[in-house]
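**Student:** compute the structure for the input listed below.
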Amino acid sequence: MSVRPDESSPQSQPSAPQPLLSSRALLIVLVGVAAGIAVAVRPELAVPIGVGVAVVTLLIVAVGP
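**Tutor:** Okay, the predicted model is just below:
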């Protein structure tokens, strides 16, 4: 006599597919591409963009996730 698995258990339900990129990762990639295009068009923007990225990074580290 075999016991049937409970159909309401989480093991029998398929899990939802996970996204390839989180929204945070997608935003970081898009900002990086935009900054690269801006620097390619106007090279004098390279230092201000670099300083801006450093400031935002330090603020994120200081505030936390």
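
**Student:** Ala46 versus the residue nearest the centre of the chain, what's the distance?
**Tutor:** For the chain, Ala25 is the residue whose C-alpha lies nearest the centre (CA atoms, centre = their mean; 1.6 Å). For Ala25, the distance to Ala46 (CB to CB, to the nearest Å) stands at 24 Å. For the C-beta atoms, the positions are set from N, CA and C on the backbone; glycine is no exception.

**Student:** now Ile60
**Tutor:** In terms of CB to CB, Ile60 sits 21 Å off from Ala46.

**Student:** okay, the two: which has more neighbours?
**Tutor:** Set side by side, Ile60 and Ala46 show more neighbours around Ala46, with 13 against 10, by other CB atoms under 10 Å.

**Student:** now the strand or helix carrying Gly52: buried residues?
**Tutor:** Using DSSP states H and E, Gly52 sits in helix 46-63. In terms of neighbour count (16 or more other CB atoms under 10 Å), helix 46-63 has its buried residues at Ile49.

**Student:** check the offset of that helix from the chain's centre.
**Tutor:** 17 Å (CA atoms, centre = their mean, to the nearest Å).

**Student:** now that helix: mean pLDDT?
**Tutor:** For helix 46-63, mean pLDDT rounds to 84.

**Student:** ok, residues contacting it?
**Tutor:** Here helix 46-63 makes contact (CB atoms under 8 Å, 6 or more residues apart in numbering) with 35, 38-39.

**Student:** next one: stretch 17-24
**Tutor:** Counting by CB under 8 Å, 6+ apart, Val29 sit against stretch 17-24.

**Student:** what about that stretch, how long is it end to end?
**Tutor:** By CA to CA, to the nearest Å, the extent of stretch 17-24 from end to end equals 18 Å.

**Student:** any figure for the gap between Arg42 and Gly36?
**Tutor:** Separation of Arg42 from Gly36 (CB to CB): 12 Å.

**Student:** how about Gly50?
**Tutor:** Going from Gly50 to Gly36 by CB to CB gives 12 Å.

**Student:** ok, Arg24 next?
**Tutor:** 19 Å.

**Student:** tell me the pLDDT of Ser8.
**Tutor:** 56.

**Student:** cool, thanks, signing off.
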